[in-house]
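Undergrad: model this:
(one chain, ligands or ions: 1)
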Amino acid sequence: MAREFRSVGVVGLGTMGAGIVEVFARNGIDVLAVEISDAALERGRSTLTGSTDRAVAKGKLSPEDRDALQSRISFAVGLDALHDVDLVVEAVPEKLELKRQIFAELDRICKPTAILATNTSSLSVTEISVATHRPNQVIGIHFFNPAPVMKLVEIIRTVVTAPEVVADVEALCTRLGKVDVTISDRAGFIANALLFGYLNHAVSMYEAKYATREDIDAAMKLGCGLPMGPLALMDLIGVDTAYEILDTMYRRGGRDRRHAPVPLIKQMVTAGLLGRKSGRGFYTYEKPGSPVVVPDDQTPNAAESAAADGARGIATVGVVGSGTMAIGIIEVFAKAGYEVVSVTRGGEKSARVCEAVKKSLNKGVVRGKVTEADRDAALGRVTWSTNLDHLADVDMVVEAVVEELTVKQALFASLDEICKPGVVLATTTSSLPVIECAMSTHRPADVVGLHFFNPAQVMPLVEIVRTIRTSPEALATARAVVAALGKTGVVCGDRSGFVVNALLFPYLNDAVKMLEASYATADDIDHAMKLGCGYPMGPFDLLDVVGLDVSLAIQRELYLELREPGFAPAPLLEHLVTAGYLGRKVGRGFRDYTDR
Ligand SMILES: NC(=O)c1ccc[n+]([C@@H]2O[C@H](COP(=O)([O-])OP(=O)(O)OC[C@H]3O[C@@H](n4cnc5c(N)ncnc54)[C@H](O)[C@@H]3O)[C@@H](O)[C@H]2O)c1
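TA: Below is the predicted model of the structure:
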């Protein structure tokens, strides 16, 4: 029979501990919440009250339930109060020596049957466990932030954790309404091992001024559907905690440079910019502990920048190409009121593109998103041509031809001869250097990248790529056009993968490496990212949708350009592509779709 947990202790009421206390108390379990000092206890208590009051205000908790929840919690300073609890969850700062010290003391204080658990994100549970005389009763219970919201719990079993302790903790997690995955003791477990390389990379982009904090975060939210951007997430996690996790993962996880904390992180910790908890991190908050971001000296001022940088007026746009992206882009421009000249390489292709645009607009009509009049007006704005010379009078050209550099270079050379001066020339490339296109013309200052996402009609994000030769006017024009399309534009430098793919694909590749190492199953990894981090899809779901061949090609490009050893494509990904398992489009990738 599963062990009855009547009372539990939680040590440390910081970002995680306060949330963990709430989880237990919400589920009818008495909690003894312990801190190091009266002041820290007060802070923890007010975090808890703030969280439960917010839940009441949002209608997610009744005032009676809040009162009952609060009556189950008692508070104490010092570990001695924990002598009679059935389980302790430790959530003190991510420092091995501190945790070992606390476990040695807990071992002395707690009754012999008590289970001692750590909420560590990256430290070795085994090393913590051997500070006690009961390592078989020590386990990792890794909650996710915010603990009351996130469904996942990673249960970390060391080589000495008793099987019944694992079973009891699994049953407890179910009682708490959580989904657990049980795994062995490896740095970062599942979710953090996949998350922190990505977070660190995002900070390095920000540190290098590759893109602004707002743009990096918007890119990942809108391009991948993540619940928050990486820099906002760093602030939620706590910059100091993130530093410790990265540092431990670097040392424990094979000294992967991608986990070596970016210098800026250490500087922020030293300066006390710890994120939400201190009121300032990558962003500035209303007050310490508040989730409300307030403007600061880095907040972009849209009105000021638009006035200052001289965007050119655009009325007519040429779209070159006949593929999926070109079709979507023609529709997006036409619907936004631009005159569009579509150029393809032949009458047949033109007819097909025209049909596809009509079909897509008709779908909009059926779904009630476009009126018949708007559809007709949009179609009326498009001229269908097979001759680049028809671009002589346009104000802007968007190129969406095949992803081959020589083809794009030849096209840009032709556009340079045909188009009038001052025209903004844009490439939609997702992996080639924009500067290569720019230098095929005599007007590199007018060339930008406009990286739309598929389907262009739906996806709200466009990455605007500025090369080292792009002029401020061309950039401002691109920004203004993207805004007029109703999309969010994020501006970034001309590096492989821009923001989204450079941050997304290494993470997907890492998931494949984790699967290949047999650390966890594809289902557990997908679960961990969906339920622990709120991702809309797990990495294997996503790889199968994107296509393994496409993913491999992008990962290879990133590896070739950045020469980062950790970006080397996972051998398993290469083998699956060689075997023809390319994902959903062929019925099999990481999963088999043939009978679904
Ligand atoms: N922040 C996250 O997103 C997150 C997510 C999952 C797990 N974790 C892990 O949870 C643990 C806690 O992280 P955090 O972000 O909540 O840290 P935090 O800095 O926000 O809170 C730590 C708390 O521990 C208290 N403390 C320090 N020494 C103590 C002692 N001797 N006795 C009692 N209390 C003591 C501090 O006063 C502080 O309130 C870490 O191991 C971390 O890796 C963090």
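Undergrad: contacts, neighbours, all on C-alpha from now
TA: Noted.
Undergrad: who does the closest residue in space to I139 that isn't next to it in sequence form a beta bridge with?
TA: Distance criterion CA to CA, 6 or more residues apart in numbering; nearest residue to I139, sequence neighbours excluded, is A117 at 4.9 Å. Assessed by DSSP bridges, A117 has beta-bridge partners V89, I139.
Undergrad: distance check, A117 against F5.
TA: 13 Å (CA to CA, to the nearest Å).
Undergrad: dihedrals phi and psi, the residue lying closest to S74 once chain neighbours are set aside?
TA: Excluding its sequence neighbours, the residue lying closest to S74 (CA to CA, 6+ apart) is L32, at 5.0 Å. When read as degrees, to the nearest 10, the backbone of L32 gives phi -110, psi 110.
Undergrad: residue of the stretch 151-300 of the chain with the smallest distance to the ligand?
TA: Among the residues of the stretch 151-300 of the chain, I237 lies nearest to the ligand; the distance is 3.6 Å by CA to the nearest ligand atom.
Undergrad: quick one: low-confidence parts of the stretch 451-596 of the chain?
TA: 596 (pLDDT under 70).
Undergrad: apply 90 and report the result again.
TA: 454, 562, 594-596 (pLDDT under 90).
Undergrad: quick one, strands of it?
TA: Using DSSP state E, counting those that start in this stretch, the strands of the stretch 451-596 of the chain run over 461-465, 488-492.
Undergrad: distance between the first one and the chain's centre?
TA: If you compare the mean C-alpha spot of strand 461-465 with that of the full chain, they lie 17 Å apart, counting by CA atoms, centre = their mean, to the nearest Å.
Undergrad: tell me which other helices or strands that strand touches.
TA: Other helices and strands packing on strand 461-465, by 3 or more CA pairs under 8 Å, 6 or more residues apart in numbering; DSSP states H and E, are helix 213-224, strand 447-452, helix 472-484, strand 488-492.
Undergrad: kindly recompute the last result at 7 Å.
TA: helix 213-224, strand 447-452, strand 488-492 (3 or more CA pairs under 7 Å, 6 or more residues apart in numbering; DSSP states H and E).
Undergrad: in its sheet, what does that strand sit against?
TA: Strand 461-465 has the following sheet partners, assigned by DSSP bridges: strand 447-452 (antiparallel), strand 488-492 (parallel).
Undergrad: show the contacting residues for A356.
TA: Contacts for A356 (CA atoms under 7 Å, 6 or more residues apart in numbering) come out as I327.
Undergrad: give me phi/psi at it?
TA: phi -60, psi -40.
Undergrad: quick one: residues contacting the residue of the stretch 401-550 of the chain found nearest the ligand.
TA: Closest contact between the stretch 401-550 of the chain and the ligand, by CA to the nearest ligand atom, is at G532 (9.6 Å). The contact partners of G532, by CA under 7 Å, 6+ apart, come to 144, 150-152.
Undergrad: change it to 8 Å
TA: Applying CA atoms under 8 Å, 6 or more residues apart in numbering, we find G532 in contact with 144, 150-153, 191.
Undergrad: so V319: helix, strand or coil?
TA: For V319, the assignment made with DSSP: H, G, I helix; E, B strand; the rest coil gives strand.
Undergrad: which residues of the stretch 251-400 of the chain fall in helices?
TA: 263-270, 302-308, 324-335, 347-366, 372-380 (DSSP state H, counting those that start in this stretch).
Undergrad: ok so, going back, who has more neighbours, A117 and F5?
TA: Comparing A117 with F5 by neighbour count (other CA atoms under 10 Å), the higher total belongs to A117, at 26 against 16.
Undergrad: buried ones in stretch 247-265, by neighbour count?
TA: Using 16 or more other CA atoms under 10 Å as the test for burial, stretch 247-265 gives 247-250, 252-253, 258-262, 265.
Undergrad: coming back round to it: from the strands of the stretch 451-596 of the chain, which stretch is densest packed?
TA: Most buried of the strands of the stretch 451-596 of the chain, by mean neighbour count (mean count of other CA atoms under 10 Å): strand 461-465, with a mean of 26.
Undergrad: what are the C-alpha coordinates of it, in CSV please?
TA: This file holds the C-alpha atoms of strand 461-465, laid out as CSV (Å, rounded to 0.1, in the frame of the first residue of the first chain):
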residue,chain,number,x,y,z
LEU,A,461,6.2,36.9,-37.1
VAL,A,462,8.6,38.2,-39.7
GLU,A,463,12.3,38.4,-39.0
ILE,A,464,13.8,41.5,-40.6
VAL,A,465,17.4,40.8,-41.4
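Undergrad: brilliant, that's me finished.
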